[in-house]
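1. Provided below for reference: sequence and predicted model.
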Amino acid sequence: MDKDKAGRNLKEIVDKLHNDTDIKELDEYSKLYKKEISLFKRSWTAAWLFMYYDKRENPKISSQENLSNKKNAYSKDVAAVSKPVYSKSKPANEKQAVEINLSEDESKRLFISIGKNRRLFPREVITLIMTRTKTAREDIGMIRILDNYSFVQVRDTKADEIIEKLSGCKFHGRTLAVNYAKPKSTENDDGS
């Protein structure tokens, strides 16, 4: 095994998971995976899939040209709907998806009682909101995940529905509490 090549391939897979994956399609694959593979075999199965991917002749998931075309098409679709501002900044030790910045006057910040200690990623927050509510991707803005809780910026017209549908639901083995976040000036960041 070429550990350097394997490391690059694994990094590429994780990057594509967080930045270039159709969440609804991934959720369907995840459901099938969990249904067909016992909990005790999932780690081995994932490792085998990675090994299989790593040993392929052409290790790229898609050519740079196709990837560029997909990103451009996605950006045009989203821009036509809401003209968001994208930010690809990744704070140290925090994996983030490409985020949409919603303007302060048309958005609300929500508190969610789950964070990094439950291995939560921004893409999972997006998937959770989109699958349990009628919220579109462009209605979800900046996501900040701290150790024990998270903050999510959402379009103000969707905030009440998200709070209603997610409060009390089970996610990552925890019953969620979701409500409006306190103003930033009173926020305690001891979880970061």
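-> Yes, it's here. Residues are numbered from 1 along each chain as shown.
2. which phi and psi does residue 104 have?
-> Recorded main-chain torsions at residue 104 are phi -60, psi -40, according to degrees, to the nearest 10.
3. show the pLDDT at the residue nearest in space to the middle of the chain.
-> By C-alpha atoms, centre = their mean, the mean C-alpha position of the chain lies nearest to residue 123, the distance being 0.6 Å. You'll see residue 123 listed with a pLDDT of 89.
4. show me how far the helix or strand harbouring it is from its chain's centre.
-> Using DSSP states H and E, residue 123 sits in helix 122-132. From the chain centre to the centre of helix 122-132 is a distance of 7 Å (C-alpha atoms, centre = their mean, to the nearest Å).
5. can you list contacts of the helix or strand just after that helix?
-> Using DSSP H and E, the next helix or strand after helix 122-132 towards the C-terminus is strand 140-145. Under the criterion C-beta atoms under 8 Å, 6 or more residues apart in numbering, residues 84, 87, 94, 96-97, 99-102, 107, 115-116, 120-122, 125-126, 129-130, 150-155 lie in contact with strand 140-145. In this view, the C-beta of every residue, glycine as well, is placed from N, C-alpha and C.
6. partner strands of strand 140-145, with direction?
-> The strands beside strand 140-145 in its sheet (DSSP bridges) come out as strand 150-155 (antiparallel).
7. what are the buried residues along the next helix-or-strand element following the strand it pairs with?
-> Next helix or strand after strand 150-155 toward the C-terminus (DSSP H and E): helix 156-166. Buried residues in helix 156-166, counting neighbours by 16 or more other C-beta atoms under 10 Å, are found at 158, 159, 161, 162, 163, 165, 166.
8. what of stretch 117-128?
-> Quick answer for stretch 117-128 (16+ other C-beta under 10 Å): 118, 120, 121, 122, 123, 124, 125, 126, 127, 128.
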